[in-house]
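**Student:** Any chance you can model this:
(one chain, ligands or ions: 2)
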Amino acid sequence: MNTQTSPIPNTSSITPFRKKINYGLTKNKITVLQVNLGRKCNLACTHCHVEASPKRTEELSSEVCQQIIEIINRFPQIKIVDLTGGAPEMNYGFEKIVEAARAKEKEVIVRSNLTIFFESGYEYLPEYFAKNKLRVTASLPCYLESNVDKQRGTGVYNQSVLAIQKLNQLGYGTQANLILDLVYNPALPKDTNFSLTPNQQQLEQDYKAYLLEHFNIKFNNLFTITNIPIGRSKQYLQRKNIHNDYIKFLESHFNSGTLSHVMCRNELSIDYLGNIYDCDFNQMENIAATDSSGKKITITDLLEANNLDLITEIKTANYCYGCTAGSGSSCGGSLT
Ligand code: SF4
Ligand code: SF4
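**Tutor:** Ligands and ions are numbered 1, 2, ... in the order given. Predicted coordinates:
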């Protein structure tokens, strides 16, 4: 793979991200609603920033689910409803939100780990996705089996291949309204020989050629995503004593050209309790979005104000260097 490597970074201190961007990143008009339905997942991947697993029980309540549906129904400015988790399909409210959003003709993205198709009670999902024309975004952190299983668990690669073949049979990857995107994220570094994510276009070609040749698989786009140093990734980097070095490395590749494209500019991220954040990473770090008076915003506030655009300034942190290094990174892949 075509990666850009760097020697050991120097130990000078990290420039706070907020200072780097001259104190402030403003919010644009909200068009994307990303809902984190809960922490339940059938997997427990090493890189998971949500720290999801089969043991977690936190999920959406019926009250918050109803409020989310009210937002979908009331605000035509929302064009995309992006469902994540955990495994979103395992958490309360998944189908209710899907069907409400599709009834309003929103684009609905489901961030699926694909292996959920093989869990008892979830076998219906591929047909359900196709029937509702969900855009499927699925993690496949490498096109090689050993790398995937190391990161996500034994057998995950083979199940993912079978799941993609099933989606292909239903028209995903070939029909215009059945989009299947795959997500690449690099393995976590073992030492300070860090690298940026590979070139997205080139890697997409490599994935497509390999998966077509070996499994007759087709998909639409590959998104390359940088490991953001939070959650399990942060704990891992801290155990290796390279957390600060990693952030320093990302900072050394800071690209101001990504700032106008970072996903937090036009997105609201909602947690299972109805709290509002600028992005899923801030949600996991419990850095809530605030209004102009500094008050934390909840979904109830949005509905009472009848206004989705209450946030003036995005809350940033040093892990934002992960979104803005090199070509940049977001839930939709590289930014520039
Ligand atoms: S499948 Fe996704 S949500 Fe589940 S543990 Fe893995 S990275 Fe986390
Ligand atoms: S982590 Fe990325 S998406 Fe979230 S606030 Fe920072 S730059 Fe924006």
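
**Student:** from what I can see Phe254 touches Gly322, true?
**Tutor:** No - applying C-beta atoms under 8 Å, one finds Phe254 not in contact with Gly322, separated by 10.5 Å. (Glycine included, C-beta is placed from N, CA and C.)

**Student:** Looking at these two, which one has more neighbours?
**Tutor:** Under the criterion of other C-beta atoms under 10 Å, the comparison of Phe254 against Gly322 puts Gly322 first, with 22 against 19.

**Student:** quick check, the helix or strand encompassing the more buried one touching ligand 2?
**Tutor:** Using DSSP states H and E, Gly322 falls within helix 321-324. Yes - with C-beta under 6 Å from any ligand atom as the measure, helix 321-324 is seen reaching ligand 2 through Cys323.

**Student:** And the contacts of that helix?
**Tutor:** If you take C-beta atoms under 8 Å, 6 or more residues apart in numbering as the criterion, helix 321-324 is touched by 17, 20, 226-229, 247, 250-251, 254-256, 258-259, 262-263, 281, 329-330, 335.

**Student:** now that helix: mean pLDDT?
**Tutor:** Per-residue pLDDT over helix 321-324 has a mean of 96.

**Student:** repeat for stretch 81-98
**Tutor:** Stretch 81-98 comes out at a mean pLDDT of 97.

**Student:** do that stretch and ligand 2 meet?
**Tutor:** No - using C-beta under 6 Å from any ligand atom, stretch 81-98 stays clear of ligand 2, coming no nearer than 12.6 Å.

**Student:** Tell me how far that stretch lies from the chain's centre.
**Tutor:** Here stretch 81-98 shows a centroid-to-chain-centroid distance of 13 Å under the convention C-alpha atoms, centre = their mean, to the nearest Å.

**Student:** May I see the buried residues of that stretch?
**Tutor:** By 16 or more other C-beta atoms under 10 Å, the buried positions in stretch 81-98 come out as 81-94, 97-98.

**Student:** Could you count how many residues lie near Glu313?
**Tutor:** 16.

**Student:** do Ala103 as well
**Tutor:** 11.

**Student:** ok so, going back, format the CA atom coordinates belonging to the helix holding Gly322 as CSV.
**Tutor:** Extracted in CSV, the C-alpha atoms of helix 321-324 (Å, rounded to 0.1, in the frame of the first residue of the first chain):
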residue,chain,number,x,y,z
TYR,A,321,-5.6,16.8,14.1
GLY,A,322,-6.8,13.3,13.1
CYS,A,323,-9.5,14.9,10.9
THR,A,324,-7.2,17.5,9.4
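
**Student:** pLDDT at Thr11, what is it?
**Tutor:** Here, the pLDDT recorded for Thr11 equals 46.

**Student:** Same check on Pro7?
**Tutor:** 45.

**Student:** Around ligand 1, which positions in the chain sit nearby?
**Tutor:** Taking C-beta under 6 Å from any ligand atom as the measure of proximity, the chain contacts ligand 1 at 41, 43-45, 48, 50, 52, 85-87, 113.

**Student:** repeat that for 5 Å
**Tutor:** 41, 43, 45, 48, 52, 113 (C-beta under 5 Å from any ligand atom).
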